[in-house]
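Visitor: Build me a structure from this.
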Amino acid sequence: HVQLVESGGGSVQTGGSLRLPCEASGGTVNDRCLGWFRQVLGKEREAVAATYPSGRTTYYVPAVQGRFTISQGNSKNIAYLEMNSLKPEDTAMYYCAVHNGDYCEITSEYNYWGQGTQVTVS
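Guide: Sure thing, here's the model as predicted:
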């Protein structure tokens, strides 16, 4: 089974930037559906962005459109969520996830998840 590890979280000021790697072992991330999600303690997890294999189509929720970008690494086992113009409301635990299904926009299809990385914007 593929295992995912997110990193790159931290504390930044409003307007700052972060890049979150999502690295896979025992599998890949760039040739299957890849999604990024976030969750605030006490609230439901929400989707942030999703991309089809090889990044041919990518979706972003309106709250992050134009500020966040999913990018692929130099190998098939790493991808990134690049976050710019960060706002306090972006504060959350961020997770990457993958699945092999046909529809990358469907959250319930994601069956491999990382442990998350905390992003705090103040």
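
Visitor: give the contact list for residue 118.
Guide: Applying C-beta atoms under 8 Å, 6 or more residues apart in numbering to residue 118 gives the contacts 9, 10, 92, 93, 94. Backbone N, C-alpha and C define where each C-beta goes, glycine included.

Visitor: buried sites along the host helix or strand of it?
Guide: Element membership for residue 118 (DSSP states H and E) is strand 117-121. Under the neighbour-count criterion of 16 or more other C-beta atoms under 10 Å, strand 117-121 has 117, 119, 121 buried.

Visitor: Quickly name whichever of these is closest to residue 48.
Guide: Proximity of these to residue 48 (C-beta to C-beta) peaks at residue 119, which lies at 10.7 Å.

Visitor: Hmm, that closest one is touching residue 89, no?
Guide: No: if you go by C-beta atoms under 8 Å, residue 119 and residue 89 don't touch, sitting 11.1 Å apart.

Visitor: follow-up on the earlier one: chain center to the strand holding residue 118, what's the gap?
Guide: 13 Å (C-alpha atoms, centre = their mean, to the nearest Å).

Visitor: who does it pair up with?
Guide: As defined by DSSP bridges, the strand partners of strand 117-121 come to strand 10-12 (parallel), strand 92-99 (antiparallel).

Visitor: which one of those lies closest to residue 27?
Guide: That would be strand 92-99 among these, by C-beta to C-beta, at 7.6 Å.

Visitor: Show the subsequent helix or strand relative to the closest one.
Guide: strand 112-113.

Visitor: Parallel or antiparallel, which strands does that following strand pair with?
Guide: The pairing partners recorded for strand 112-113 under DSSP bridges are strand 92-99 (antiparallel).
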